[in-house]
Structure formats: structure tokens, C-alpha cells
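S.K.: After the sequence you'll find the predicted model.
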Amino acid sequence: GAVVSQHPSWVICKSGTSVKIECRSLDFQATTMFWYRQFPKQSLMLMATSNEGSKATYEQGVEKDKFLINHASLTLSTLTVTSAHPEDSSFYICSASDGTQYFGPGTRLTVL
Amino acid sequence: GESVGLHLPTLSVQEGDNSIINCAYSNSASDYFIWYKQESGKGPQFIIDIRSNMDKRQGQRVTVLLNKTVKHLSLQIAATQPGDSAVYFCAENPNTGGFKTIFGAGTRLFVKA
């Protein structure tokens, strides 16, 4: 089956720094990638939809200047959390779609 | 806003019993629904899906029922096993022209051996 990877699987950073998370579709080309955030004991919240070669579409309430998304190729999308703060600590999950949506394993971000 | 989960409700069942997990969805225009299983620290895993032109679909040990009249989905797991212990989410495609998936609140299933 289709595989989506994320890197890193976990990251700890200091407040005020920026963190980049990669999402890759390993064996298929993804026309669309999605980024979700999940707080403990809560559901997945869609942050943005990313199409290759175009600007991401952000959901209401998600700051596009804080969560920078780049979808440079059909197999790679990146999410950069800029000037991270402790409240950004969360589990970030991407998915990639070629018509069917496949989820990555998630990245645990902890901001100290 | 989109569906947001608060603290997850829990369903506890005995190993070997059948489990029924319920979900209410929000958008009457949604035309595609999916159930996902999420284990601790991992991404969601696809279980079964159903389109809005169906009211029932069966997989291996799982059945999804869709009631569009009351916007309700259920997931039935037959002969529940300890490995089924996880959080289960229903999700909908709101049919807004893209493939985005909106997740429901989730239910934690705990299987007692």
C-alpha cells in the first residue's frame, strides 16, 4: 500500500525557534497534501490543504505566517512552525492524496 | 468551525464481544465517510469507508452503517480483540471540491481480556 513518511518523528525545541517538519509520499505522487494538528485526547484538526506548486489553503483560525507550508514537488510537503511557543506543542500529522488519502505517522513537537 | 473533539468518550468491552462505536457528522452535503483507527503516538489507520449512496458496507470483522436522515455513522467490530484497543475516529468529506477530510470527536475503545 501507499506509504507516507514524516521527519522527524519527534522534536524538542526552545521557545522562539523555528521547526521544519517534512512529509513525503514514498511510492506515489500526491497531488494534494494535508496538515493536521492533534492535541492530547482530542481529534485531528485540519490546518491546511497544500497543492503542489501553489499556495496552501489554510483553515479558519490557522495563522499562515506562523505555519509556513511549502509543497515543492509531488512527493514532498514541509510545514515550518515559526517562532514556536509552548502552546504550539502538539502532534502534527500529514496526509497525502492521489484520490485516496494516506496518513503519515505524525511528528511530536515539544516547545520548551 | 470544523468538528472538534473534546475529551474522548470511552467504550469498554469484553474480548470476544461485539463493539459498536457511534458518530454524528455535521455536514449534510458530505458524500464520503471513513472510519480510522489511531493507536497511541501513531497516525490514523484506514479501516473502512462508505459513500453516501449506501447505507451499509462490510469489511473483515467490521461493518459501517450510515443513516443520512439523522447524520449518523456507526462502526461495528465483531469479536473484538485486544489489538482493537485504540481511538476510533469517523471522518467526512464535506464535498467542497477537494479531498479534505474532517475528523469527528473520536471514541476510545478499551478491550478487556
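M.R.: Received the coordinates, thanks. Residues are numbered from 1 along each chain as shown, chains lettered A, B, ... in the order given.

S.K.: What residue in chain A comes nearest to chain B?
M.R.: A:Ser43 (3.1 Å; CB to the nearest CB). Glycine gets a C-beta too; all of them are placed from N, C-alpha and C.

S.K.: How many neighbouring residues does that residue have?
M.R.: 23 (other CB atoms under 10 Å in any protein chain shown).

S.K.: the strands in chain B, which residues?
M.R.: For chain B, the strands defined by DSSP state E cover B:10-14, B:19-24, B:32-38, B:45-51, B:56-58, B:62-67, B:72-77, B:86-93, B:102-103, B:107-112.

S.K.: Make JSON lines from these and add mean neighbour count, mean pLDDT and distance to A:Lys14 to it.
M.R.: JSON lines is the format used below for the strands of chain B (neighbours: other CB atoms under 10 Å in any protein chain shown; pLDDT from 0 to 100; distance: least, CB to CB, whole Å):
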{"stretch": "strand B:10-14", "mean neighbour count": "13", "mean pLDDT": "95", "distance to A:Lys14": "36"}
{"stretch": "strand B:19-24", "mean neighbour count": "18", "mean pLDDT": "96", "distance to A:Lys14": "39"}
{"stretch": "strand B:32-38", "mean neighbour count": "22", "mean pLDDT": "95", "distance to A:Lys14": "29"}
{"stretch": "strand B:45-51", "mean neighbour count": "16", "mean pLDDT": "94", "distance to A:Lys14": "33"}
{"stretch": "strand B:56-58", "mean neighbour count": "13", "mean pLDDT": "98", "distance to A:Lys14": "48"}
{"stretch": "strand B:62-67", "mean neighbour count": "18", "mean pLDDT": "97", "distance to A:Lys14": "44"}
{"stretch": "strand B:72-77", "mean neighbour count": "19", "mean pLDDT": "96", "distance to A:Lys14": "42"}
{"stretch": "strand B:86-93", "mean neighbour count": "24", "mean pLDDT": "94", "distance to A:Lys14": "31"}
{"stretch": "strand B:102-103", "mean neighbour count": "24", "mean pLDDT": "92", "distance to A:Lys14": "31"}
{"stretch": "strand B:107-112", "mean neighbour count": "17", "mean pLDDT": "96", "distance to A:Lys14": "33"}
